[in-house]
Every structure is written in C-alpha cells, then in structure tokens.
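> pasting the sequence and the predicted coordinates here, then a few questions.
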Amino acid sequence: MPGAHTSLGSPSPNIGADEAIIIVKAAPQLSGKHGETVCTAAVTRSKQWVRLYPIAFRTLQDAQQFRRWDVVRYSSQRPRDDKRIESRRLDHQSLVITGSLPQRERYGLVAPMVVESLEEERAQGHSLAFIRPKISRFTVEKKPADELEDERQRYELAAKQTDLFLGPIIPYAPCPYRFKYDYETKDGKRTGTCQDWETEATFFHWRQQYSEDETVKRMKARWGDEMPAKGLLFAMGTHSQYPDTWLINGLVQMSEVGQLSLDLG
C-alpha cells in the first residue's frame, strides 16, 4: 500500500515505526521550504498527540490519502527546525493506512483528551489540544480580490515546480472565503479562522450544486447552527513560528452526553 515517495529531509533522532489515528487534516498551505503541504495531527492509542509534517497531501497515492479516523502506520524522526514536542518529520514512503477506528471507540479516545484552557496547555509545553468552546458566532468572510488573486498565483507557480522527490503538484484553487468562529473558553474570548480541510472541501462541493450565495447560506446554517447545536470540539494547534498563537485546525462533532455524532470526515 505505501507509495513510491522519498522521505523529506533527514532530521534526528529516528523515532521509528508508530501508529496513530488521524484527527486533523488542515487545508493546504504554501510553505517556502516544503512547497504545498498539509498540517496533519493524529492521536496514538495511548492518547498522545502527534503532528505529522510536512505532508504534500495531494501528491500521495490514492491508498495513502487518509481521512479522519483512519489508522495509519508510519516512520518518523524528530525535526531539527520544530521544537514542538508533538512534531514528527514523516517518512512519506513508510505511510500505510491499516484501517479505521470504529465509531464505538471514538468517544472513548477523544473525550478524556478535552481540556478547558489552552494557556494551561501551552504552559505545559503542549501545542495540540481538544477544547469544547462556547461558540457565539460563525462568519463567512469574503477575501479581498487582490489577496485572492495573489494566493491563486502563488499556488499556480507552486504547481509548475516539480519536486525532485514528490513529483508535480496538482493545481489548487484557494478558497475565496474565510470561515471564522467567535468563541469563548476558560481563557476568555477568542476569534479564529477554521482551517479544517473538510470545511473548504464542502464549500467547493456545494458550489458545484448551488449558487455561491446559496452555498454561503448553507455553510452558515450547518457550521454556525447545526454543528454547534449537536456538540462541537475544536482540535487546536499552535503555529511553529508563533508558539503562543492557537489555530482551529480541525473540527470533531461530539456531544456532551457520551455520544460521538455524525462524523465530518
């Protein structure tokens, strides 16, 4: 099942083989060092977070293109350029999907990991966490035309640059909207942009079926009303260059009464 890809870089020490359950697959981002990459976070069966990076997701073979709750086996190393304790430099060639975590086991994995304070997690040296926020507003914000065009051109340029190891990148159309939450935790009120892959993917999927205005209306109804009403967790992560900045990397639908609701991914 592994694809014919080569590991990016050779940081040390080698951690060796491990297995984890995929939780976060953020939308593609452009990196000056690694090209187009996807920030991916997973949880081991012992309930430890791991950040698998960089993953040039759209160049992986179909068998390797994992979804949330997929169980993956991989080899990794400690990165030299990322001090976050959960971070792992993935060997692409080693990545294998071994199955999917059964629905009945998901609540037991996630619920014990939910925390109340991101500041307390940061003080303990953690850079990934589940929180259950009190959501006050979900907004769909249109990007300025010049910003969107600049983003489009950068992705177009990246797609033309064939990576020696990973091969050509499939052209990616940046999303014309930002999806933002106003929410509150034990630390106070925050505003954050949702970087979850499925959020952007749903926007593009719905826009093929409906007008853009209708798509935005449906996004607001589902992400702003329906999902929070059923119970919504944020999978949060810090930025490598700004360790005190927490980002909404993923969403997990989970009620507070012991039920894991309809999966988003």
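Looks like it arrived, so ask away.

> strands of the stretch 101-250 of the chain, start to end?
Secondary structure of the stretch 101-250 of the chain (DSSP state E, counting those that start in this stretch): strands located at 114-115, 128-131, 134-142, 177-185, 188-193, 232-238, 246-253.

> got those strands as CSV, with mean neighbour count columns?
Just so you know, the C-beta spots here come from the backbone N, C-alpha and C atoms, and that holds for glycine as well. Output for the strands of the stretch 101-250 of the chain, formatted as CSV (neighbours: other Cβ atoms under 10 Å):
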stretch, mean neighbour count
strand 114-115, 16
strand 128-131, 23
strand 134-142, 14
strand 177-185, 18
strand 188-193, 14
strand 232-238, 24
strand 246-253, 23
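
> out of these, which gets nearest to R67?
Nearest of the strands of the stretch 101-250 of the chain to R67, taken as Cβ to Cβ: strand 246-253 at 11.9 Å.

> other SSEs contacting the closest one?
strand 14-25, strand 35-43, strand 188-193, helix 227-230, strand 232-238 (3 or more Cβ pairs under 8 Å, 6 or more residues apart in numbering; DSSP states H and E).

> least confident of those, on average?
Lowest mean pLDDT within the helices and strands packed on strand 246-253: strand 35-43, a mean of 77.

> chain center to the next helix-or-strand element following that strand, what's the gap?
Sequence order places strand 49-55 as the next helix or strand after strand 35-43, per DSSP states H and E. Distance, stretch centre to chain centre, for strand 49-55: 10 Å (Cα atoms, centre = their mean, to the nearest Å).

> and stretch 77-94, by the same measure?
16 Å.

> ok, which of the strands of the stretch 101-250 of the chain comes nearest R45?
strand 128-131 (15.9 Å).

> contacting residues around the closest one?
Contacts to strand 128-131, defined as Cβ atoms under 8 Å, 6 or more residues apart in numbering, come from residues 41, 49, 51, 86, 110, 113-116, 118, 121, 185, 233-238, 246, 252.

> swap in stretch 194-213?
Residues contacting stretch 194-213 (Cβ under 8 Å, 6+ apart): 24-28, 38-39, 68, 173, 175, 177, 179-181, 214-215, 218-219, 222-223, 247-251, 264-265.
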